[in-house]
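Novice: Whatever this is, show me its structure:
(chains A and B)
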Amino acid sequence: MGNLGAKVQQVFDEPGCATNQAKPSKERKQGCNKLLAPGAAAGGCAFDGAKIALQPITDVAHLVHGPIGCEGHSWDSRGSKSSGPLLYRTSFTTAMNEQDIIFGGEKHLYKAIKEIVEKHNPPAVFVYQTCVPAMIGDDIEAVCKAATKKFGKPVIPVNVPGFVGSKNLGNKLAGEVLLDYVIGTEEPEETTPYDINIIGEYNLSGELWQVKPLLDELGIRILASISGDAKYHEVARSHRARAAMMVCSKAMINVARKMEERYGIPFVEGSFYGIGDMSDSLRNISQLLVDRGAPAELLQRTEIVIEREEARAWEKIAPFRKRLEGKRVLLFTGGVKSWSVVAALQEAGLVITGTSVKKSTPDDKARIKELIKDDAHMYDNLKPREMYAILKEARANIMLSGGRTQFVALKAKMPWLDINQERHHAYAGYVGIVTLISEIDKAISNPVWEQVRRLAPWEQAAMRNAVQFHLAQEQ
Amino acid sequence: MARAVTGEKHCTVNPLKMSQSIGAALAFMGVENAMPLLHGSQGCTSFGLVLFVRHFREAIPMQTTAMSEVATVLGGFDNVEQALINIADRAKPALIGICTTGISEIKGDDLHGFVKTIRSAHPELDPIALVDASTPDFEGAFQDGWAAAVTRMIEELVEVPLMQKRPTRRINVLPGCHITPGDIDELRDIFDAFSLDPIFLPDLSGSLDGHIPDEFSPTTLGGISVAQIRKMGSALYTIAIGEQMHGAAITLEYRTGVPYKLFDRLTGLAVNDELMEFLSSVSGVPVPRKYRRQRSQLIDAMLDGHFYFGGKRVAIAAEPDLLCAMAHWLHEMGCEIQAAVTTTQSPALEKIPVEEVVLGDLEDFELRASGADLLVTHSHGRQASERLGIPLFRAGLPVFDRLGAGHQLSVGYRGTRNLIFEVGNLFIANAHEPTPTTWMPANEMTQPLVSIQTH
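Specialist: Below you'll find the model as predicted:
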């Protein structure tokens, strides 16, 4: 556990993280691992976060060493899509029992790895450590080392017992695993001046595929996506990219920064959500490639594609304006998305009535302020009860949020749209933002709202009686 | 007569099983204004919560003691204490159900002792019922956790009646975890028709039946009240549904003298005849016309349906009591049980009409299901269904890729009738249209492509 402690420390003290750097040096080292309040906590653990970050690698076996609660409740539930291999959707776990607890689970783990290699022969096996084996002292690093030697293929320890911290920490620890065990271990057959890595994009609902055709058109090659729709060998060879784009700023910043340090791969931060951001991202990627020696004409080609795609997207959004004009949106999501979709929503005539800034950096907050002026509320921590009140009193016409708060809206009989990781629609790129607007329109204009809000006949009668009683009292 | 066998392998592939911890948490959700609390890392709660949200499509109240690495080493007393105080303060529940996980069990936290100590130090918790249950996720399965929580509620909350006379028409019903909110509604109607007054422990039909509450609530939206649980000792009879509730029924009888009757399932004709007869004798009310009519309808459905069920081979993977209900019923309809896979040991297993019941996972299931006409398991069977090209009837928990899991009906004459239609329609939808090659010997033809219809 000593090693893990040091790793956690190191991940927290992240020079690439603006939020962290803005803190006094003492606090900086403590990082962002908030102490959780027992009985008042929500959210996943470090193991959850690591699985989210690594499971999108589609051709490897993901083996969870722990009792059934860790994998049995969560498998095949993350929406990351694959263009080919499906092994990542098969669940592997040691499902530790009492015998393992008493005698130790290392042998059991080793035999499980052996079975997987014999049955599926994947390019690599990722082994996830959880709380229970960590407590009884199972040394998964040693087991993985022995298995790697024995089976002649990478068996990689992902040391992320849930109790070390949050989902976000798990994302970062997963990134460290890739840096320590995978990236740079193989060489690509060929490289081009147009090779990039995309870091922190998980291809949820196939969002990477909304962006990739544009990169293809520009001749930009994704050498490795870390880790959406990735194959093991691609990640292993990713150290030869010329540039990188880091998509979700909080999840894998350590990977982007360390790849810059180790392999000299410069990176830009960006987002694929929203028209302006998508264009900036394309522009920045091209610029970075040109800076690294790609022919300068790439920049002009990029501008042409941007101009065409922007015009197309705005044209498609325009018809929604009449239907959505003045409708109020409560936008409840984390970090980047809290401002990156705002411009498109506004262009469709929607008014942002409130947004959450819980996970946002000061920089995010400044951008939100600039975009939505002072006619909106910025909520640091909106409790479900208050959220319910806002919707019930119709101070907003629709809520965009994650699945966790879905029923707050629906029980208030208000439209709701999922914009977090379990969502079923893809909202990235120019096509994605049009989808988002069209989904909002579908949600708001559905005829069920009028029906479900209508009072039952007996309630109407009761209401009439109450009004008459009231009037009689006044006379 | 089936024997239960365990596979030889070391790696569980595509788990069927879920933990005791969240089975217990779901049982606590059948109590009004309750908050289940898992004593473990926050992930333990988060995974379970998301699973239930996807199944019921409802907000799920569930909290965590949020054990950190340090707290795990030092012991979890402070975390349990703080969690109880925080929940009491924020959610003001009537009951907090505390379930252990592997983490707290291995550390050896004396949860029961913790609760006692915390009780005496915090009078502000006096109005709240606190029930702890030992539910480690390294042994047993979901239905064991459900049963443990019910038994513990009986031990902690039910008052020993002062009088030996039982003047009421009150019936305690202890439903297993495979009994859906829709099933409970159906059973309540049946009991009402005999002028009996049933209460259900747990009662998910009040909390997870998908209704619109008037006000926002951070705890469960309904269910049996703590006051009702306390008075269970004054009932006329207890009915337990599913072998998993046998222990709870015995505990209740031992504590209060209320006699019990166990129904290992309520799907099928004969078992429902038995239920009707029993209710009639307990209540003194003849079987109401409505149910005589429903029985007749069920018989008609069996006659209409048997053409499609007869000789069909079915592979089932489910927790013991659900497996018991489905396997016996399908067998009674003329199906052959080709494979039966389950999660945990149970006396219900040996009576299942199949040679062996495998304690295993969905890989074991898939290997044994090849060539079957129908798969029956929860939504995680969808991958096997695609790979094998065999339709899947979704039963159990979780069902996250279909609507209405909470209202899936399988008890009573009417529930059995509905089930015949649903499963029968799957058989009909997947009947193979004959082609010129249909009657050729198998080795002379290539397999035609078949598209699968699922329910």
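Novice: wait, residue B:297 sits on residue B:415?
Specialist: No: contact between residue B:297 and residue B:415 fails when scored by C-beta atoms under 8 Å: they sit 11.7 Å apart. (Glycine included, C-beta is placed from N, CA and C.)
Novice: so residue A:114 is in which element?
Specialist: helix A:106-120 (DSSP states H and E).
Novice: tilt between the helix or strand following that helix and helix A:106-120?
Specialist: Once helix A:106-120 ends, the next helix or strand along the chain (criterion: DSSP H and E) is strand A:125-129. Interaxial angle, strand A:125-129 versus helix A:106-120 (axes from the mean of the first three to the mean of the last three C-alpha atoms, to 10 degrees): 150 degrees.
Novice: how about low-confidence regions in the chain?
Specialist: Unless you meant another one, I'm taking chain A. A:1-2, A:16-35, A:248-249, A:334-339, A:358-361, A:364, A:373-376, A:421-422, A:475 (pLDDT under 70).
Novice: nope, chain B please
Specialist: In chain B (pLDDT under 70), the answer is B:163-167, B:442-455.
Novice: quick one: contacts for the residue most central in space within it?
Specialist: Nearest to the mean C-alpha position of chain B, by C-alpha atoms, centre = their mean, lies residue B:177 at 1.9 Å. Contacts for residue B:177 (C-beta atoms under 8 Å, 6 or more residues apart in numbering or on different chains) come out as B:23, B:26, B:27, B:142, B:143, B:146, B:242, B:244, B:319, B:321, B:397.
Novice: SS state for it?
Specialist: coil (DSSP: H, G, I helix; E, B strand; the rest coil).
Novice: Quickly note the distance from it to residue B:246.
Specialist: 14 Å (C-beta to C-beta, to the nearest Å).
Novice: Please name the residues that touch residue B:203.
Specialist: Contacts of residue B:203 (C-beta under 8 Å, 6+ apart): B:30, B:31, B:184, B:222, B:223, B:224.
Novice: Near chain A, which residues of the stretch 151-300 of chain B are found?
Specialist: By the rule C-beta under 8 Å from any C-beta of the partner chain, the part of the stretch 151-300 of chain B lying against chain A is B:212, B:213, B:216, B:218.
Novice: Closest residue of chain B to chain A?
Specialist: Residue nearest to chain A within chain B: residue B:43 (2.8 Å; C-beta to the nearest C-beta).
Novice: That residue: how many residues sit nearby?
Specialist: 34 (other C-beta atoms under 10 Å in any protein chain shown).
Novice: Residue A:47 is in contact with that one, correct?
Specialist: Yes: with contacts counted by C-beta under 8 Å, residue B:43 reaches residue A:47, the gap being 5.8 Å.
Novice: Excluding residues flanking it in the chain, which one is nearest the residue of chain B closest to chain A?
Specialist: residue A:45 (2.8 Å; C-beta to C-beta, 6 or more residues apart in numbering or on different chains).
Novice: what about the one you found, distance to residue A:164?
Specialist: From residue A:45 to residue A:164 the distance is 8 Å (C-beta to C-beta).
Novice: who has more neighbours, those two?
Specialist: Using other C-beta under 10 Å, the more surrounded residue of residue A:45 and residue A:164 is residue A:45, with 33 against 25.
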